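Chemist: Have a look at this prediction, sequence included:
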Amino acid sequence: MARPSLNSGAPLTQEGQRAKISLQSIKQLQWILQHLRPHRWLFASGLLFLIVGSGVSLMFPWFIGKLTDLVNGKPIAPWLGGLYGLLGWLIAVFGIQAFLSFFRVLFFVRIGEKVLYDIRSKVYENLIAQPIRFFQDQKVGELNSRVTLDLSYIQDTITTTSAELIRQFLVIIGGVFFLFTQTSTKLTLIMLGIFPILIGLAIFFGIFIRKMARKAQQKMADSQAVLDESMQNISTVKAFGNEWYEIKRFRENLSEVVRFGIRGGLFRAMFSSFIILVVFGAIIGIIFLGFLEVQKGNLSLGSLISFITYSAMVGASMGSLSTLISDFQRAIGASERVFEWMSQPGENIKEPSIGFQPEGKIILQDVTFAYPTRTSHQVFKNIHLELLPQEMYGVVGKSGAGKSTLAQLLLRFFEINSGSISWNGVDFQNIPLVDLRRSIAIVPQEVLLFHGTISENIAYGKPGCSEEDVLEAAQKAHVMEFAKTLPDGLQTMIGEKGAKLSGGQKQRIAIARALIKKPALLIFDEATSALDNESEKMVQTTIHELKGTCTMLIIAHRPSTLEVCSKLIKISGNGSLEVVKNENNLSEVLESFKTEK
Ligand SMILES: Nc1ncnc2c1ncn2[C@@H]1O[C@H](COP(=O)(O)OP(=O)(O)O)[C@@H](O)[C@H]1O
Ligand SMILES: [Mg+2]
């Protein structure tokens with residue numbers, strides 16, 4: 001599936017893709033490190049515990065070697081305290097490690113959670129500030145799951161991966177040091193000669209395994225998108241009896257996941273038997289050489305046991321490195337994506353209000369506009385439009401002419417290509433979005449309500465408003481008529497997206513939500529088109545009652561809704577519009593659009 005590109009035009013990197021570790025990518029990690037700053041002391045303590053813990057763990061093979069020598073009749077240093085002394089030392093090694101690792105895990109997890117809190121809320125802040133076009137450009141479900149996934153990779157890195165990586169490196173370096181100084185140089189050199197070959201082969205397998213994993217992840221995201229989409233449109237799916245169609249679609253994507261998963265598994269299986277065969281073969285060979293050395297008297301049995309234990313430790317660390325490094329790369333890839341994503345400029349939602357007073361005329365001057373995703377089609381070409389205060393305009397034009405587009409431009413959901421829009425002489429560019437959008441309310445055709453009570457949904461129009469405000473808006477919008485009949489009145493819970501209400505009832509709540517803002521410009525975008533006669537009448541009554549309180553744009557098709565408007569904005573559909581007086585020829589005007597279709 002082709003991925004949509006971000007606003008910058010830069011293609012999205014794929015899910016779970018690992019970045020090459022380069023200076024550039026490390027720099028992007030800085031963005032995360034920046035969030036670590038406030039926790040640097042905790043981080044440093046965790047790091048200290050980590051280093052001390054790794055150092056202590058390296059003592060274990062040494063003590064085991066001494067223990068072997070002791071029982072083998074070889075003299076050992078008196079400060080080790082004999083058999084029971086050594087037992088004490090070994091217990092101390094584990095005890096200290098247990099203590100240190102408890103706090104290390106605690107510290108890193110604590111930091112991880114806090115850093116992720118910061119990053120998550122910043123990401124959300126940035127997401128919600130994105131302009132409308134951003135959300136039209138991509139599948140939001142896919143975006144959500146990707147960001148969630150990316151952030152979890154980053155979290156893993158902060159809480160475990162980076163600590164583990166450091167620990168394993170320390171074990172390798174320390175282990176090799178002890179191998180050289182405390183055991184046999186010859187055996188150590190042989191062992192170290194074999195490792196690079198093994199690592200090279202491991203990388204070779206790793207490439208294939210990762211490729212398959214990436215493809216499987218991609219397909220997983222696709223099937224997730226099917227799932228999200230069908231859940232969101234569940235009533236459509238059911239109404240068409242398309243459950244099996246969706247199940248089939250889901251399964252098709254899922255079986256691709258399985259296919260790539262299994263193919264990845266093949267390489268993994270080959271890899272693991274390769275490891276067993278070659279690695280264990282090498283180990284046995286070296287151990288055998290070791291025993292020969294012991295037999296010749298070049299090495300004590302204790303040193304050999306130390307050698308084996310150190311080698312096992314170093315080997316295990318090296319083995320885990322490849323997974324850790326790839327996890328680390330994945331986190332860098334994730335942070336790159338999140339970073340790239342975060343650098344998408346959003347709308348300026350932080351700009352403070354300038355106390356803009358929405359009075360006077362709204363003037364569109366020479367406005368030309370084409371949707372950014374469809375630049376070839378100019379919805380408006382050099383249009384001129386003046387909206388007088390408290391005037392009521394009907395907006396007419398055939399479907400696709402640009403009626404909703406006009407509303408979107410007034411809300412500044414999209415930026416115009418040329419010309420200007422001003423309100424009371426102030427250019428839209430100079431009106432902070434908070435001020436602008438506080439002054440305008442829109443009632444769309446398809447009302448989406450939030451899960452909550454009717455009252456909460458109305459209050460959404462003006463956070464922090466009083467109960468009286470809600471009641472007033474509810475009365476004006478004729479919500480009370482039906483709310484009264486419900487057991488809990490305005491406090492009635494409505495289902496997800498308003499599922500428990502009729503279209504007309506939802507519409508009235510939407511109107512109340514708009515009215516509570518006391519907007520200076522109120523737009524009805526085909527708000528009555530989908531309603532039954534009675535509900536439509538109710539909405540029309542509301543519109544009548546509102547006449548003269550604010551500027552109104554009523555996008556509609558039915559003469560009965562448009563009658564009340566004194567002027568009509570006729571949108572031709574070829575880029576122009578004109579404003580005419582609403583005379584007694586409404587049906588004719590509307591009819592003319594129908595025949596044009
Ligand atoms: N988000 C969008 N991206 C690209 N083109 C769009 C978008 N929304 C609407 N259009 C196109 O712009 C034109 C005007 O659409 P619109 O204003 O929704 O018409 P209507 O008058 O029916 O409300 C149509 O040709 C439509 O296909
Ligand atoms: Mg429309």
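Modeler: Noted; the coordinates are in hand. Ligands and ions are numbered 1, 2, ... in the order given.
Chemist: Kindly report the domain assignment for the protein.
Modeler: Domains of the chain are assigned by automatic domain parsing as 23-342, 349-439+519-597, 449-517.
Chemist: Throw the ones you listed into CSV and include mean neighbour count and mean pLDDT, thanks.
Modeler: Heads up, the C-betas are built off the backbone N, CA and C, glycines and all. Output for the domains of the chain, formatted as CSV (neighbours: other C-beta atoms under 10 Å; pLDDT from 0 to 100):
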stretch, mean neighbour count, mean pLDDT
domain 23-342, 16, 87
domain 349-439+519-597, 17, 88
domain 449-517, 19, 88
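Chemist: who are the neighbours in contact with the nearest residue to Leu67 once chain neighbours are set aside?
Modeler: Excluding the flanking residues, the one nearest Leu67 by C-beta to C-beta, 6 or more residues apart in numbering is Leu86, at 5.1 Å. Shown in contact with Leu86 (C-beta atoms under 8 Å, 6 or more residues apart in numbering): 63, 66-67, 70, 80.
Chemist: One more: Tyr371?
Modeler: Tyr371 makes contacts with 133, 377, 379, 405, 414, as judged by C-beta under 8 Å, 6+ apart.
Chemist: same thing but at 10 Å, please
Modeler: By C-beta atoms under 10 Å, 6 or more residues apart in numbering, the residues touching Tyr371 are 133, 136, 377-379, 405, 408, 414.
Chemist: I'd like the distance between it and Phe195.
Modeler: 58 Å (C-beta to C-beta, to the nearest Å).
Chemist: Equivalent analysis for Gly495, please.
Modeler: 62 Å.
Chemist: Also Ile111?
Modeler: From Ile111 to Phe195 the distance is 33 Å (C-beta to C-beta).
Chemist: Find the helix or strand that the most centrally placed residue in the chain is a member of.
Modeler: For the chain, the residue nearest the mean C-alpha position is Val147 (2.7 Å; C-alpha atoms, centre = their mean). According to DSSP states H and E, Val147 maps onto helix 140-156.
Chemist: so what secondary structure elements neighbour that helix?
Modeler: Packed against helix 140-156 by the contact rule (3 or more C-beta pairs under 10 Å, 6 or more residues apart in numbering; DSSP states H and E) you find helix 23-36, helix 82-129, helix 132-137, helix 185-232, helix 301-342.
Chemist: Same list as before, these that is, but in CSV and with distance to ligand 1 included.
Modeler: Shown next, in CSV, are the helices and strands packed on helix 140-156 (distance: least, C-beta to the nearest ligand atom, whole Å):
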stretch, distance to ligand 1
helix 23-36, 32
helix 82-129, 19
helix 132-137, 5
helix 185-232, 18
helix 301-342, 21
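Chemist: Mind checking those helices for the one nearest to Asp488?
Modeler: Nearest to Asp488 among these is helix 185-232 (27.4 Å), distances taken as C-beta to C-beta.
Chemist: Packing partners of the closest one?
Modeler: For helix 185-232, the packing partners by 3+ C-beta pairs under 10 Å, 6+ apart are helix 140-156, helix 162-182, helix 234-239, helix 243-274, helix 280-296, helix 301-342.
Chemist: I'd like those helices as TSV, with distance to Gly206 appended.
Modeler: Formatted as TSV, the helices and strands packed on helix 185-232 follow (distance: least, C-beta to C-beta, whole Å):
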stretch	distance to Gly206
helix 140-156	17
helix 162-182	16
helix 234-239	41
helix 243-274	8
helix 280-296	19
helix 301-342	6
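Chemist: Which one of those lies nearest to Ser399?
Modeler: helix 234-239 (20.6 Å).
Chemist: Distance of the closest residue to Gly575 other than its chain neighbours relative to ligand 1?
Modeler: Using C-beta to C-beta, 6+ apart and skipping the chain neighbours, the partner closest in space to Gly575 is Lys381 (3.5 Å). Taking C-beta to the nearest ligand atom, to the nearest Å as the measure, Lys381 falls 13 Å from ligand 1.
Chemist: Which strands and helices lie in contact with the helix or strand where Lys381 lies?
Modeler: Element membership of Lys381, judged by DSSP H and E, is strand 378-387. Here strand 378-387 touches strand 362-370, helix 403-410, strand 418-423, strand 551-555, strand 567-571, strand 577-581, going by 3+ C-beta pairs under 10 Å, 6+ apart.
Chemist: and Gly355, helix, strand or coil?
Modeler: The assignment at Gly355 comes out as coil when based on DSSP: H, G, I helix; E, B strand; the rest coil.
Chemist: Identify the residue nearest it in space, chain neighbours excluded?
Modeler: Gly355's closest residue in space is Asp435 (C-beta to C-beta, 6+ apart), at 7.5 Å.
Chemist: thought that neighbour was touching Val426?
Modeler: Yes. Look at Asp435 against Val426 with C-beta atoms under 10 Å: they come within range, at 9.4 Å.
Chemist: got any residues that touch both of those two?
Modeler: Taking C-beta under 10 Å, 6+ apart as the criterion, Asp435 and Val426 both touch 354, 356-358.
Chemist: Go through these and name the one nearest ligand 1.
Modeler: Using C-beta to the nearest ligand atom, Pro358 is the member of those that lies nearest ligand 1, at 23.2 Å.
Chemist: what's near enough to touch that closest one?
Modeler: Contacts of Pro358 by C-beta under 10 Å, 6+ apart are 389, 423-424, 426, 431, 435-436, 438-440, 518-521, 550-551.
Chemist: Over to Asp366?
Modeler: Counting by C-beta under 10 Å, 6+ apart, the residues that Asp366 touches are 380-384, 416, 418-420.
Chemist: do you know how far it is from Ile523?
Modeler: As defined by C-beta to C-beta, Asp366 lies at a distance of 22 Å from Ile523.
Chemist: what do you get for Glu164?
Modeler: Using C-beta to C-beta, Glu164 is found at 56 Å from Ile523.
Chemist: try Leu29
Modeler: 46 Å.
Chemist: residues contacting the residue nearest to Gly355?
Modeler: So Asp435 contacts 351-358, 423, 426 (C-beta under 10 Å, 6+ apart).
Chemist: Up against ligand 1, what does the stretch 401-550 of the chain have?
Modeler: With C-beta under 6 Å from any ligand atom as the criterion, the stretch 401-550 of the chain meets ligand 1 at residues 401-405.
Chemist: Can you tell me the closest non-neighbouring residue to the residue nearest to the centre of the chain?
Modeler: Val123 (6.1 Å).
Chemist: I'd assumed Met342 was in contact with the one you found.
Modeler: Yes. Val123 lies in contact with Met342 (C-beta under 10 Å); the separation is 6.6 Å.
Chemist: Then Lys398 would be within a strand, right?
Modeler: No. Using three-state DSSP, the assignment for Lys398 is coil, not a strand.
Chemist: how long is stretch 458-465 end to end?
Modeler: Using C-alpha to C-alpha, to the nearest Å, one end of stretch 458-465 lies 10 Å from the other.
Chemist: what's next to it, contact-wise?
Modeler: 438, 441, 449-450, 452-453, 466-467, 469-474, 477, 479, 483, 490, 508-519.
Chemist: How about stretch 197-212?
Modeler: Residues outside stretch 197-212 that contact it (C-beta under 10 Å, 6+ apart): 16-18, 259-268, 270-272, 274-275, 278-279, 282, 315, 318-319, 321-323, 325-326, 329-330.
Chemist: Return that stretch as PDB; C-alpha atoms alone will do.
Modeler: Output in PDB follows, covering the C-alpha atoms of stretch 197-212 (Å, rounded to 0.1, in the frame of the first residue of the first chain):
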ATOM      1  CA  ILE A 197      33.600 -14.700  11.800                       C
ATOM      2  CA  LEU A 198      30.600 -15.700  13.800                       C
ATOM      3  CA  ILE A 199      29.500 -12.100  14.000                       C
ATOM      4  CA  GLY A 200      29.800 -11.600  10.300                       C
ATOM      5  CA  LEU A 201      27.600 -14.600   9.600                       C
ATOM      6  CA  ALA A 202      25.100 -13.400  12.200                       C
ATOM      7  CA  ILE A 203      24.800 -10.100  10.500                       C
ATOM      8  CA  PHE A 204      24.200 -11.900   7.200                       C
ATOM      9  CA  PHE A 205      21.300 -13.800   8.700                       C
ATOM     10  CA  GLY A 206      20.100 -10.700  10.500                       C
ATOM     11  CA  ILE A 207      19.500  -8.800   7.300                       C
ATOM     12  CA  PHE A 208      17.000 -11.400   6.000                       C
ATOM     13  CA  ILE A 209      15.300 -11.900   9.400                       C
ATOM     14  CA  ARG A 210      14.700  -8.100   9.600                       C
ATOM     15  CA  LYS A 211      13.500  -7.800   6.100                       C
ATOM     16  CA  MET A 212      10.800 -10.300   6.700                       C
END
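Chemist: This completes my enquiry, with thanks.
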